[in-house]
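Enquirer: Sequence and predicted structure, then a few things I'm wondering about:
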Amino acid sequence: MDDIKVISKALVGAEKTVLIGFPGSGLVGSIALQYLVEQMEFEQIGAITSKYFPPVTLMTRGVINAPVRLYEKDHLAAIISDVPIHPMICYEVANGILDWLTKFGIREVTTIAGIITNEPDKRVFGVATSRRVLERIEEETIVLPMGSISGIAASILTECKIRDIPGIGLLGETVNTPDPRSSAATIEVLNKIYGLELDVQPLLEQAVEIEAAMAQIAEQVQETEAAPRREQLPMYG
């Protein structure tokens with residue numbers, strides 16, 4: 001834990017489900033959990049810092065946010081990151097997080113991430129650390145029959161497997177741009193398996209705004225590419 005510092009209040013009570021989202025494909029996990037903690041009014045109880053994290057911090061209206069934050073409400077806790085984790089240090093970060101969480105007798109860990117496909121749908125794929133846990137999500141997700149997942153979500157699930165902590169991975173189908181629609185699809189699965197009843201309509205409205213902005217950017221890029229290159233322009237002076 002020397003290189004991963006958790007500065008936080010203790011989790012209140014035992015048997016909590018911990019939801020974890022780090023930036024990745026489509027920012028699916030980060031968008032989904034940030035929306036969840038805001039809409040359900042979770043309390044921020046702490047933060048995680050590390051020499052492994054990139055030297056980046058985000059701010060809202062001039063106020064700095066911790067790049068990795070811990071939240072809590074009732075039987076749920078959430079860990080949300082604004083910074084990506086380099087593959088070379090995923091083990092250290094996952095190990096540090098699980099070392100801290102296991103002090104509190106947690107019930108289950110669910111990671112949320114994105115998976116890039118060639119399909120336009122927003123399906124949610126599911127994996128779990130045991131057959132017993134997988135049965136709980138079989139009807140709500142498309143179970144990945146074979147293959148591999150990577151990144152910090154994979155490292156966290158591996159740590160859960162080794163430590164005999166029930167773990168679930170929800171992988172929202174996405175493209176490699178911010179994808180609130182995929183995040184909304186993963187929240188719908190959380191609603192079903194945890195009984196949250198969280199309305200995703202505002203998030204879908206945000207998706208419309210983001211898609212419009214992305215379309216405008218694409219149009220501007222096309223116009224720029226179609227414009228004459230500098231060497232094609234006449235020279236003056």
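Expert: That came through fine.
Enquirer: In the chain, what residue spans correspond to helices?
Expert: Taking DSSP state H as the test, the helices found in the chain are 28-39, 90-101, 131-135, 152-163, 180-194, 201-226.
Enquirer: pretty sure residue 87 is touching residue 150, no?
Expert: Yes. Residue 87 lies in contact with residue 150 (Cβ atoms under 8 Å); the separation is 7.2 Å. Every C-beta, even on glycine, is put in place using the N, C-alpha and C of the backbone.
Enquirer: Excluding chain neighbours, what is closest to the spatially most central residue of the chain?
Expert: Compute the mean C-alpha point of the chain, and by Cα atoms, centre = their mean the closest residue is residue 29, 1.9 Å away. With Cβ to Cβ, 6 or more residues apart in numbering as the criterion, residue 29 has its nearest non-adjacent residue at 2.8 Å, and that residue is residue 21.
Enquirer: again with residue 129
Expert: That would be residue 167: by Cβ to Cβ, 6+ apart, it lies 4.0 Å from residue 129.
Enquirer: got a pLDDT number for the residue nearest to residue 180 when sequence neighbours are not counted?
Expert: Computed as Cβ to Cβ, 6+ apart, the closest residue to residue 180 that is not its neighbour in sequence is residue 207, at 3.9 Å. For residue 207, the pLDDT comes out at 80.
Enquirer: what do you get for residue 178?
Expert: According to the prediction, residue 178 has pLDDT 85.
Enquirer: Next, count neighbours for it.
Expert: Neighbours of residue 178 under the rule other Cβ atoms under 10 Å: 20.
Enquirer: go on, residue 34?
Expert: Under the criterion other Cβ under 10 Å, the count of neighbours that residue 34 has is 19.
Enquirer: do the one 10 residues further on as well
Expert: Using other Cβ under 10 Å as the criterion, residue 44 is surrounded by 16 other residues.
Enquirer: Surely it touches residue 71?
Expert: Yes. Using Cβ under 8 Å, residue 44 is in contact with residue 71, at 5.3 Å.
Enquirer: Overlap of the contact sets of the two?
Expert: Both residue 44 and residue 71 are in contact with residue 37, where contact means Cβ atoms under 8 Å, 6 or more residues apart in numbering.
Enquirer: Excluding covalently adjacent residues, which one is nearest to residue 48?
Expert: residue 68 (4.1 Å).
Enquirer: got the contact list for that neighbour?
Expert: 47, 48, 49, 53, 79, 80, 81, 82, 83 are the contacts of residue 68 under Cβ under 8 Å, 6+ apart.
Enquirer: With adjacent residues omitted, what lies nearest to the last one?
Expert: So the one you mean is residue 83. Closest residue to residue 83 apart from its sequence neighbours, by Cβ to Cβ, 6+ apart: residue 67 at 4.4 Å.
Enquirer: No more questions from me, cheers.
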